[in-house]
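Colleague: I'll drop the sequence and a predicted model, then ask my questions.
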Amino acid sequence: MKKAVIGRALAAGILCGTMMWTACSTAWISEAEQIVAALIPATANLETLVATLQGKSISAGDLQTIQSAGAQAGTELQLMQSLITQYQKADATAQPELLSQIQTAMSAVQSTLDSLPPVLNIKDAATQAKISAVIGIVLSEVQSVAAIVPLVSASTSPEMMATAGKPMRKRPPLTAGEFVTSYNATMTAKTGNAELDHATTGLRIHVHKKFTSWASAGLLK
């Protein structure tokens, strides 16, 4: 009986702690805003790359598949960006629902990008490796953003409360500047395929002036 009481008290404490973190802490906002702002052009450049290579090493079918997924991911990232801005301005009662929407949009981006590689039929090995690498670095950064976004559960299910009580094991994301550097290196790395290397030369993304280092309150340590 005592164990059950203690268990319920612990679960309640975890939930309260989670909701307090959700409502009060804004340390993650600046980090997430800047990362998403870098992910949007990174995704758009993937579409540009495949359009440039269409009819060469990219088939019309793969072009359509990648452009459709890229456009969808871009829309979802823009939604994330808008929701994060709304969260920053919202009162404490509205923030949990906005966080839930941010998490849903983030999951949608992951699902969209993760579904791409298995359905592509790119025959040129260098092009296939390049596309996979670019998708991989974008997907990895999106997935790891989950490590800094506070957890919220509208249903307050036992499973979610248990998850909230576990130490964060997800890999923290690269900062916006680190992501841009890594993305550009991946995008422009020479492959020996002259057409591919020429197509990637102008597809670097850039760090906005406000993409500077910021205090993370220990979140990225």
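Modeller: Sure, I can see it. Residues are numbered from 1 along each chain as shown.
Colleague: who's in contact with stretch 48-68?
Modeller: The contact list for stretch 48-68, computed with Cβ atoms under 8 Å, 6 or more residues apart in numbering, reads 46-47, 70, 116, 119-124, 126-127, 130-131, 134, 187, 193, 195-196, 199-200, 203. Quick note: C-beta positions are derived from backbone N, CA and C, even for glycine.
Colleague: Among those residues, filter down to the buried ones and hand me the PyMOL syntax, if you would.
Modeller: Of the contacts of stretch 48-68, the buried ones can be selected in PyMOL as follows, counting by 16 or more other Cβ atoms under 10 Å:
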select buried, resi 46+47+70+116+120+122+124+126+127+130+131+134+187+193+196+199+200+203
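Colleague: Among the contacts of stretch 48-68, which lie within helices?
Modeller: 46-47, 70, 116, 119, 126-127, 130-131, 134, 187, 195-196, 199-200 (DSSP state H).
Colleague: Rank those by pLDDT and give me only the lowest.
Modeller: Taking the ones in helices among the contacts of stretch 48-68 together, the minimum pLDDT is found at residue 119 (88).
Colleague: Report the separation between the most centrally placed residue in the chain and residue 134.
Modeller: What sits nearest the mean C-alpha location of the chain, by Cα atoms, centre = their mean, is residue 142, with 1.7 Å. Residue 142 sits 13 Å away from residue 134, going by Cβ to Cβ, to the nearest Å.
Colleague: And residue 50, by the same measure?
Modeller: Distance from residue 50 to residue 134, by Cβ to Cβ: 10 Å.
Colleague: Relative to residue 145, how far out is residue 195?
Modeller: Here residue 195 is placed at a distance of 33 Å from residue 145 (Cβ to Cβ).
Colleague: cool, residue 205 as well?
Modeller: For residue 205 relative to residue 145 (Cβ to Cβ), the value is 17 Å.
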